[in-house]
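Peer 1: Structure for the following, please:
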Amino acid sequence: MSDKKTTIRIGTRASKLALIQAEEVKKILLNYLGWENKQVIIVEISTLGDRITDRPFRELQGKGVFCREIEREILAGSIDMGVHSLKDMPFEQPDGLGMTGYLKRENPLDVLITNHGETIASLSSGLTLGTSSIRRQKQILEANPGLNVVEIRGNIDTRINKWKTGEIDVIILAAAGLNRMGIWQVPRFDIPMETCLPAPAQGVICVETRTDDLWLNTILDAITHPTTKIMVETERNFLHTLEGSCELPVGALAKIKGPEISLVGEFYSERKGKIIRGKRTGLISDHISLGKELAETLLAMELA
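Peer 2: As a prediction, this is how the structure comes out:
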């Protein structure tokens, strides 16, 4: 698997945003390798999460609903890599696969789309707010318990259309997806992390390959954005220590300044009936343990 290739096949979901993300990876690869456009091929793959849109994620076996079929194709050798939104990915990959590329992070924050106010707190009681994320649901109701929060599935265009037609008064989406799709014409307001701490690794495109594909993995290592990699490894280790899944309400965001990295993390505690949040700062060289230590601190706070 380590032989030099003359073509690279990228597997991706078929949604508009997923294809934009795959094209971004393709563009970087073509530029780095100096190849012609036809040498990098995008292969659309239907995933369980795309096929079933009328049920909550927790009924679809949580994380992995947008990647399992792609992973099977990588292992089968029909594609060379999979391009994913990292926040959708389980911490562990199947045997023989690994995360080998990380693109520079987009805006990691969540965005409020509505004509009724610029902040969660300013929204009037009784307004209907749609989101598929339990994390966002818990954060929103803590900030404004008078809202009517409902489950909403579908791609970005589908959700925005439900807002445009008045089916939903307010929707919350990731800024990264809206930015990549160039959606600026709606009334959108970044939600500060103090209100909605993003999902771990939100805003990051990752590349998954076979661990024995040494030639390709060397290239992906070269095009990886190193700061982004450090941040998301910190956040995902926080999530992993909490034994988080797609449906656990967990938020985490790391920031780097000089030789130090800081991590703000939180989770919703059913036991306490509230969000438990904390912050930890340490050296970048200790970033893996930082996420683990903050998670352990918060778990101890829950039991106190």
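
Peer 1: Tell me where the stretch 51-200 of the chain has helices.
Peer 2: Secondary structure of the stretch 51-200 of the chain (DSSP state H, counting those that start in this stretch): helices at 68-76, 134-143, 156-164, 175-181.

Peer 1: helices and strands around the last one, which ones?
Peer 2: On a contact count with 3 or more CB pairs under 8 Å, 6 or more residues apart in numbering; DSSP states H and E, helix 175-181 meets helix 16-33, strand 110-113, helix 156-164, strand 188-191. (Glycine included, C-beta is placed from N, CA and C.)

Peer 1: Could you list the buried residues of the third one?
Peer 2: Of the residues in helix 156-164, those buried under the neighbour-count criterion (16 or more other CB atoms under 10 Å) are 156, 159, 160, 162, 163.

Peer 1: Could you single out the nearest of those to residue 273?
Peer 2: For the buried residues of helix 156-164, the residue nearest residue 273 by CB to CB is residue 159; the value is 28.7 Å.

Peer 1: quick one: low-confidence parts of the stretch 51-200 of the chain?
Peer 2: Judged by pLDDT under 70, the stretch 51-200 of the chain has its weakly predicted residues at 51-63, 66.

Peer 1: Let me see the contact set for the spatially most central residue of the chain.
Peer 2: Using CA atoms, centre = their mean, the residue of the chain that lies closest to the mean C-alpha position is residue 87, 2.4 Å off. Shown in contact with residue 87 (CB atoms under 8 Å, 6 or more residues apart in numbering): 174, 199, 200, 201, 202, 203, 204.

Peer 1: Surely the fourth one is in a helix?
Peer 2: No - when classified by DSSP: H, G, I helix; E, B strand; the rest coil, residue 201 is found to be coil rather than part of a helix.

Peer 1: the strands in this protein, which residues?
Peer 2: Taking DSSP state E as the criterion, the chain carries its strands at 8-12, 40-44, 81-85, 97-102, 110-113, 128-130, 148-150, 170-174, 188-191, 205-210, 250-257, 260-269, 274-283.

Peer 1: can you put the ones you listed in CSV and add mean neighbour count and distance to residue 232?
Peer 2: Output for those, formatted as CSV (neighbours: other CB atoms under 10 Å; distance: least, CB to CB, whole Å):
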stretch, mean neighbour count, distance to residue 232
strand 8-12, 22, 19
strand 40-44, 17, 24
strand 81-85, 25, 11
strand 97-102, 21, 6
strand 110-113, 24, 17
strand 128-130, 22, 27
strand 148-150, 15, 28
strand 170-174, 23, 14
strand 188-191, 18, 20
strand 205-210, 24, 8
strand 250-257, 21, 8
strand 260-269, 21, 11
strand 274-283, 15, 16
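
Peer 1: Including distance to residue 28, could those strands go into CSV?
Peer 2: Formatted as CSV, the strands of the chain follow (distance: least, CB to CB, whole Å):
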stretch, distance to residue 28
strand 8-12, 11
strand 40-44, 10
strand 81-85, 11
strand 97-102, 9
strand 110-113, 25
strand 128-130, 34
strand 148-150, 38
strand 170-174, 21
strand 188-191, 26
strand 205-210, 10
strand 250-257, 22
strand 260-269, 25
strand 274-283, 30
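
Peer 1: So for residue 231, which of those sits nearest?
Peer 2: Closest approach to residue 231 among those (CB to CB): strand 250-257, 4.1 Å.

Peer 1: and that closest one, what other elements does it pack with?
Peer 2: By 3+ CB pairs under 8 Å, 6+ apart, strand 250-257 packs against helix 134-143, helix 226-241, strand 260-269, helix 287-303.

Peer 1: Residue 70: which of those is closest?
Peer 2: helix 226-241 (18.7 Å).

Peer 1: contact partners of that closest one?
Peer 2: So helix 226-241 is contacted by 86, 91, 102-105, 200-201, 204, 206, 250, 252-256, 261, 263, 265, 284, 287-292, 294-296 (CB under 8 Å, 6+ apart).

Peer 1: cool, stretch 108-119 as well?
Peer 2: Under CB under 8 Å, 6+ apart, the answer for stretch 108-119 is 120, 123-124, 127, 136, 160, 163, 169-176, 178, 186-193, 195-196, 198, 202-204, 253.

Peer 1: Would you mind writing the CA trace of it as PDB?
Peer 2: C-alpha atoms of stretch 108-119 as PDB (Å, rounded to 0.1, in the frame of the first residue of the first chain):
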ATOM      1  CA  PRO A 108     -15.700  26.800  15.300                       C
ATOM      2  CA  LEU A 109     -18.700  28.700  16.800                       C
ATOM      3  CA  ASP A 110     -22.400  28.000  16.400                       C
ATOM      4  CA  VAL A 111     -24.600  30.500  14.600                       C
ATOM      5  CA  LEU A 112     -28.100  31.800  15.400                       C
ATOM      6  CA  ILE A 113     -30.300  32.400  12.400                       C
ATOM      7  CA  THR A 114     -33.500  34.400  13.100                       C
ATOM      8  CA  ASN A 115     -35.300  37.600  12.700                       C
ATOM      9  CA  HIS A 116     -36.300  37.700  16.400                       C
ATOM     10  CA  GLY A 117     -33.100  38.700  18.100                       C
ATOM     11  CA  GLU A 118     -29.300  38.600  18.000                       C
ATOM     12  CA  THR A 119     -28.700  36.500  21.100                       C
END
